[in-house]
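[1] fold the following for me, if possible:
(chains A and B)
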There are 2 protein chains.
Amino acid sequence: MANKIDARNFKGTRDYLPQEMIKRNEMITIIRSVFEKYGFVPLETPAVEYLDILMGKYGEEGDKLIYKLDYKGGSVAGMKYDLTIPLARVMTQHNHLVLPFKRYQIQPVWRADRPQPNQGRYREFYQCDADIVGVNTMIADAEIINMIHQILSQLDIGRFVIRINHRKILSGITAFVGLPKNKEIDLCRGIDKLDKIGREGVLKELSDQGFKEDEIHKIFDILAIEGDIHKVLTELKNIFKNNEIGLQGVIDLENIIEYLKNLGTPLENIKLDLYLARGLDYYTGAIYESSSLDLPHIGSLTGGGRYDHLIQSLGGNDYPAVGTTIGLDRIATVLSQQNKITEKDSLTNVLVTIFDETSVKKSMEICSLLRKNDIKTEIYYEITKMKKQFNYADKKKIPYVVILGPEEMTTQKISIKDMSKGSQEQINQDELITYLNNKLGKNP
Amino acid sequence: MANKIDARNFKGTRDYLPQEMIKRNEMITIIRSVFEKYGFVPLETPAVEYLDILMGKYGEEGDKLIYKLDYKGGSVAGMKYDLTIPLARVMTQHNHLVLPFKRYQIQPVWRADRPQPNQGRYREFYQCDADIVGVNTMIADAEIINMIHQILSQLDIGRFVIRINHRKILSGITAFVGLPKNKEIDLCRGIDKLDKIGREGVLKELSDQGFKEDEIHKIFDILAIEGDIHKVLTELKNIFKNNEIGLQGVIDLENIIEYLKNLGTPLENIKLDLYLARGLDYYTGAIYESSSLDLPHIGSLTGGGRYDHLIQSLGGNDYPAVGTTIGLDRIATVLSQQNKITEKDSLTNVLVTIFDETSVKKSMEICSLLRKNDIKTEIYYEITKMKKQFNYADKKKIPYVVILGPEEMTTQKISIKDMSKGSQEQINQDELITYLNNKLGKNP
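    Okay, the predicted model is just below:
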């Protein structure tokens, strides 16, 4: 016999045991159903890509984050670290795809990072993205935001807000203050850290980046505008009256708000937040993030926006694109902390026990009958003490247990134990399905 | 702008474009629902495992098949190449798991193999496994076989057969002929090739392995026994009357057949095939494979059996285990070749067009209304020629198109075009949902 293995996960990765998987599958089922209701279709791409393709987005800096394969004695291929590069590749490679191409993709990605499991940072984690490629009208942006609203509502995550902003408003502010265009990304990265380092921290960071004090004050005066969306947009329009790019951002957001109303999105969940920046440099239009109002410290639950030139900059065709990522792990955390998800080790409704040799046949027949009626059923695999069989149902939290003892075999009855109440009832065999469907809330 | 990427897949891998994914998701939905009806729970494990764990099963020979990560300057970790090793690790690592542990796992695996895509051999492919760990009674074996029957029936793959055999019968034959125990695996590997190299080929191979002519004849006389399962088992019992191991195999199969009947499995789909060997050396009991009777050349659609000491030999605890793998790709091939799956690029039921600026609001409201009523709906994202919008519906095979032109806006009507018939109807707006539900076959 082999020596015992040192059974452990590769550092920074984890098993999804049944309890986690059941929870995750429930969430994904809801999310997929919304994606598909909005006309998105599924896509999956391989784990491994050639390095020249993977390096497109972050270049040398990203190089460190990629797990490379020890293949053909050199660095030829590596594991994908996001779902955007594969999307760019797919759009270029399969040129028969009809535009607009609306795809969702739910797959793991890998980052050769220092893992911090207690902060939810793993080397392998799932991404769940939905993107619309090939459309530059704001109807697409509104659809994505409306869909996020629908997903968070259907997942029942409690009170939430979707904060929106527009990169061209931030460009407009940069221009308004008289700063060169290349300062915009510094500004975005600076204010993006507001949550982490606070207002003073951002002021210091911008100052370190060479922003002058009066510039910073001017910027923060504009960013501080808040209140009713229409009022804020009107104020911005006034500020940007001679500022084409800023004005374009405002008009885009006006259109998006109008379209969101058309789609029936409750505007009380939408907030225009001029501080929202999303540090990545590839966004070109509207940007948005959502978070729980009950558990704001968990951070953003979704994040996305318009990135009209990213696919081209990754070496693909020049397609406008807009999309969002749905943070499965963080949403699961919100649901768990609100006790909205029951932890389950099993999905089984009924355990059929085997009393002794003489009842094996009947027990298996009952098991099969229940399954035919779409009741999730297990049969106990051993002829052993009833106590052991009940114990299994108890540990697995299987709610009902069927017993066919010598008495039931003679009288053509069936005993059913309700494990949560500890009570037991005897019913006629021909009432079994109706009885259990009632108990399981499955009858009309 | 970056140079155009050379958009291509890593050799031996492929994208699952929406058409493939839609098909696969339909299959997986059915398979999962059966697994869960039988009390199996989902499990997922990471792509990357430490090499000392991965090397357990095939040792040095398997080494070549593993993609190793170029990590910490040495061979520390690699990509998993099956779902059995991770199961063995999980059973050892998470010792709170309640036995019997019944898990299903549907995940990709990777093999650093020479890919042969035209023969369906890829470097990345999905495995779909269901196993019961911790049970040594034949009720578990019967459940697996019954479940395979249920899955193939629900997938509607047409006529199929599940062939069964037992390793102890093959051991019994080895002993009956007077060969030493270690010849059994040679015998298994030999007869396993019957499909590929034919009877003469197997005879030659066994002869090359040192089997004598009279031994081979004796073996083939027994293997040739066929017909009604009970009759074959009775004959074998007679042959094995002084052969404990052979007899045990026969008794196990008798029990399995009995249990299969109890579970309502139609025995006409089950065939005892003494030539079935499954070349892998870890099986210890019943073994089974299934294949299409209409398209037998596609090969085995499922394969599995009992492997009571594998988990221990991989360095885990000594758990008996039984399970099967479901060959998703091959089943998809069978369904495609029988035209049982319609190829779809889209799941959308209705496209709402936008006639002009004045109808944007109304069109979006209709789109939202349809989605609220669980009708999968897309809105066209541009205000453009109707022809272009119809063209999109046509290319995506969206069956119904909603039109809100100036006439419909005034009369409070809606025009609906049936894309397959090319016909168009005008209905009242308040009849829209009922009308479409009827068309889509969704009304009671």
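[2] show me the strands in the stretch 101-250 of chain A, by range?
    Counting by DSSP state E, counting those that start in this stretch, the stretch 101-250 of chain A forms strands over residues A:101-110, A:124-133, A:160-166, given from the N-terminal end onward.
[3] hmm, who's touching the shortest one?
    This points to strand A:160-166. Here strand A:160-166 makes contact (CB atoms under 8 Å, 6 or more residues apart in numbering or on different chains) with A:145, A:148-149, A:152, A:249-250, A:252-253, A:256, A:269-277, A:285-293, A:301-302. For glycine as for every other residue, the C-beta is placed from the backbone atoms N, C-alpha and C.
[4] so, low pLDDT: which residues of the stretch 51-200 of chain A?
    Judged against pLDDT under 70, the low-scoring parts of the stretch 51-200 of chain A cover residues A:56-62.
[5] in contact with the closest residue in space to residue A:338 that isn't next to it in sequence: list those residues for me.
    Residue nearest to residue A:338 in three dimensions, not counting chain neighbours: residue A:158, with 5.7 Å by CB to CB, 6 or more residues apart in numbering or on different chains. The contact partners of residue A:158, taken as CB under 8 Å, 6+ apart, are A:292, A:293, A:294, A:295, A:334, A:338, A:340.
[6] excluding chain neighbours, what is closest to the third one?
    Right, the one you point to is residue A:294. Going by CB to CB, 6+ apart, residue A:294 has residue A:158 as its nearest residue, at 4.8 Å.
[7] ok, now the fourth one?
    The spatial neighbour of residue A:295 that comes closest, neighbours along the chain excluded (CB to CB, 6+ apart), is residue A:334 at 5.4 Å.
[8] with the first one instead?
    Ranked by CB to CB, 6+ apart and with sequence neighbours excluded, the top spatial neighbour of residue A:292 is residue A:334, at 4.9 Å.
[9] equivalent analysis for the last one, please.
    Nearest-residue entry for residue A:340: residue A:156, 5.8 Å, with adjacent residues in sequence omitted and distances by CB to CB, 6+ apart.
[10] neighbours of the one you found, how many?
    Each residue near residue A:156 was counted by other CB atoms under 10 Å in any protein chain shown, and the total is 11.
[11] wait, isn't it in contact with residue A:341?
    No: Residue A:156 sits out of contact with residue A:341 when judged by CB atoms under 8 Å, with a separation of 9.5 Å.
[12] who in the stretch 301-444 of chain A is up against chain B?
    By CB under 8 Å from any CB of the partner chain, the residues of the stretch 301-444 of chain A that approach chain B are A:312-316, A:345-348, A:360-361, A:364-365, A:367-368, A:371-372, A:374-379, A:381-383, A:392, A:395-396.
[13] ok so, going back, let's have the strands of the stretch 101-250 of chain A in a markdown table, adding mean neighbour count.
    As requested, the strands of the stretch 101-250 of chain A are exported to a markdown table (neighbours: other CB atoms under 10 Å in any protein chain shown):
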| stretch | mean neighbour count |
| --- | --- |
| strand A:101-110 | 22 |
| strand A:124-133 | 22 |
| strand A:160-166 | 22 |
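[14] with respect to residue B:25, which of these lies nearest?
    Nearest to residue B:25 among the strands of the stretch 101-250 of chain A is strand A:101-110; the distance by CB to CB comes to 10.8 Å.
[15] near chain B at all, that closest one?
    Yes: looking at strand A:101-110 against chain B by CB under 8 Å from any CB, the contacts come from A:102, A:103, A:108, A:110.
[16] by contact count, what packs against that strand?
    Helices and strands touching strand A:101-110, as assessed by 3 or more CB pairs under 8 Å, 6 or more residues apart in numbering or on different chains; DSSP states H and E, comprise helix A:18-37, strand A:41-42, helix A:84-93, strand A:124-133.
[17] need the winner for burial among these.
    Between those, the one whose residues have the most neighbours on average, counting mean count of other CB atoms under 10 Å in any protein chain shown, is helix A:84-93 (a mean of 24).
[18] residues of the stretch 51-200 of chain A that sit close to chain B?
    Within the stretch 51-200 of chain A, the positions adjacent to chain B are A:52-53, A:56, A:67-71, A:75, A:77, A:79, A:86, A:88-90, A:92-94, A:97-98, A:100, A:102-103, A:108, A:110, A:112, A:123-124, A:132, A:135, A:137, A:139-140, A:143, A:146, A:150 by CB under 8 Å from any CB.
[19] now do the contacts for residue A:251.
    Residues counted as contacts of residue A:251 (CB under 8 Å, 6+ apart): none.
[20] let's verify it: helix, strand, or coil?
    At residue A:251 the chain is in helix, as set by DSSP: H, G, I helix; E, B strand; the rest coil.
[21] residue A:295 is in contact with residue A:340, isn't it?
    No: between residue A:295 and residue A:340 no contact is recorded; they are 11.3 Å apart, counting by CB under 8 Å.
[22] of those two, who's got more company?
    Relative neighbour count places residue A:295 above the other of residue A:295 and residue A:340, with 19 against 12, counting by other CB under 10 Å.
[23] wait, what's in contact with that one?
    Remark: with contacts taken as CB under 8 Å, 6+ apart, residue A:295 is in contact with A:158, A:333, A:334, A:337, A:338.
[24] picking that back up, next, give phi and psi for the residue nearest to residue A:295.
    phi -60, psi -50 (degrees, to the nearest 10).
[25] tell me how far it lies from residue A:144.
    Taking CB to CB, to the nearest Å as the measure, residue A:334 falls 20 Å from residue A:144.
[26] could you look up the SS state of the closest residue to chain B within the stretch 1-150 of chain A?
    Among residues of the stretch 1-150 of chain A, the one nearest chain B by CB to the nearest CB turns out to be residue A:5. It sits 3.1 Å away. Taken by three-state DSSP, the conformation at residue A:5 corresponds to coil.
[27] could you find the closest non-adjacent residue to it?
    residue B:315 (3.1 Å).
[28] residue contacts, the residue of the stretch 1-150 of chain A closest to chain B?
    B:52, B:53, B:56, B:88, B:89, B:92, B:314, B:315, B:316.
[29] doesn't the second one belong to a helix?
    Yes: under the criterion used here (three-state DSSP), residue B:53 sits inside a helix.
[30] picking up where we left off before, give me the phi and psi for the residue nearest to residue A:340.
    Reported as degrees, to the nearest 10, the phi and psi values for residue A:156 are phi 60, psi 50.
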